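sequence and predicted structure, then a few things I'm wondering about:
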Amino acid sequence: MALLVICLGATSGFAEELKGQVVAIADGDTFTLLVDKLQHKIRLAEIDAPERAQPWGQRAKQALAEKIFQQNVLVQITGRDRYGRVLGRVFLAQRDVNRELVDEGHAWAYRQYLADQNFLVGENRAREQQLGLWAATNPVAPWDWRRGEREVKFQNTPLVAASLQCGSKRYCREMESCNEARFYLLTCGATRLDGDGDGVPCEKLCQ
C-alpha cells in the first residue's frame, strides 16, 4: 500500500495518512505497519494502554491484535513522539480503533496529550460498567506506572559526580550522559531538564 500525503484545509488536524498492513503488535497501543516494504512503528494517539508488565497489559495487547493484526488499516498521522514513532488515529474500515480500545476498557484516555474530549466520555462509561481493566480495584494509570518504574531505577543508580561541575548547560541536547543530566538537575538546579516533573531528567538519556 502506498503512503498518501494529503494537504487538508486549515480546519483539519491531519496532514498526512498511511495505509498498510499490520505485521506486528508490540503492546496495547503500539504496532508495526508495513507500507510499500517499509515498516513504520505506530503509536496510537490520545490513548494509553497498560504496560505489558502491568495488570491487563497482555489482555490489552491481545485486544489490539484481535482488532487489527494482519489487517489493512488507515493511520491518520497527528505527529511523532520522542522515540520517533508515528502518532495517529487508526481506522479499520469505518471503525475508530483508538476509541474502541478506550470504550471497551483496554486503555485510558491519555490526558496529557488529549485533543478529542470524547475519549473521556468513553473512559467514564467503561469505568462505570467495569469493563476490561476497570473490573479491577484501583487500576494504576500507565503514566503513573512508568513514573514509578523510572523512579525506582533512578533512585537505585548512584550519582557519580567526582568529575562534574556546574556550568552553563541547561538543555538535554547539551548533556553527554544520564549521569551528567542528573548532576545538573540535582546539584545545579537545572529544572528545565525535567520537563514533565517526574524527577527524571532528559528521558531519552535516562530511560
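That came through fine. The model shown is predicted, which means the values in this text are computed figures rather than measured ones.

quick one: residues contacting the closest residue in space to residue 169 that isn't next to it in sequence.
Of all residues not flanking residue 169 in the chain, residue 184 sits nearest, at 6.1 Å (Cβ to Cβ, 6 or more residues apart in numbering). Every residue, glycine included, has its C-beta placed from N, CA and C. Going by Cβ atoms under 8 Å, 6 or more residues apart in numbering, residue 184 touches 166, 169, 170, 175, 190, 193, 201.

so which of those is the closest to residue 141?
residue 201 (22.0 Å; Cβ to Cβ).

and for that closest one, the neighbour number?
As a burial measure, residue 201 scores 24 neighbours (other Cβ atoms under 10 Å).

what is the mean pLDDT for the lengthiest strand in the chain?
Scanning the chain for the strand with the most residues, using DSSP state E, yields strand 16-27. Average pLDDT, strand 16-27: 96.

could you point out the helix or strand that follows it?
Using DSSP states H and E, the helix or strand that directly follows strand 16-27 along the chain is strand 30-35.

go through that following strand and flag the buried ones.
Across strand 30-35, burial judged by 16 or more other Cβ atoms under 10 Å covers 30, 31, 32, 33, 35.

was I right to think the second one contacts residue 42?
Put plainly, it is residue 31. Yes: Residue 31 is within contact range of residue 42, at 5.4 Å (criterion: Cβ atoms under 8 Å).

tell me the pLDDT at residue 185?
The score at residue 185 is 82. That number is its pLDDT.

which strand or helix spans it?
Going by DSSP H and E, residue 185 is in helix 178-186.

distance from that helix to the middle of the chain?
Chain-centre distance of helix 178-186: 24 Å, with Cα atoms, centre = their mean, to the nearest Å.

how does the chain divide into domains?
If you go by automatic domain parsing, the domain ranges for the chain are 3-140, 157-206.

filter the contacts of residue 184 down to the buried ones.
Applying 16+ other Cβ under 10 Å to the contacts of residue 184 flags 169, 175, 190, 193, 201 as buried.

rebuild those as a markdown table, extending it with distance to residue 61 and secondary structure.
Shown next, in a markdown table, are the buried ones among the contacts of residue 184 (distance: Cβ to Cβ, whole Å; DSSP: H, G, I helix; E, B strand; the rest coil):
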| residue | distance to residue 61 | secondary structure |
| --- | --- | --- |
| 169 | 40 | coil |
| 175 | 33 | coil |
| 190 | 37 | coil |
| 193 | 32 | helix |
| 201 | 30 | coil |
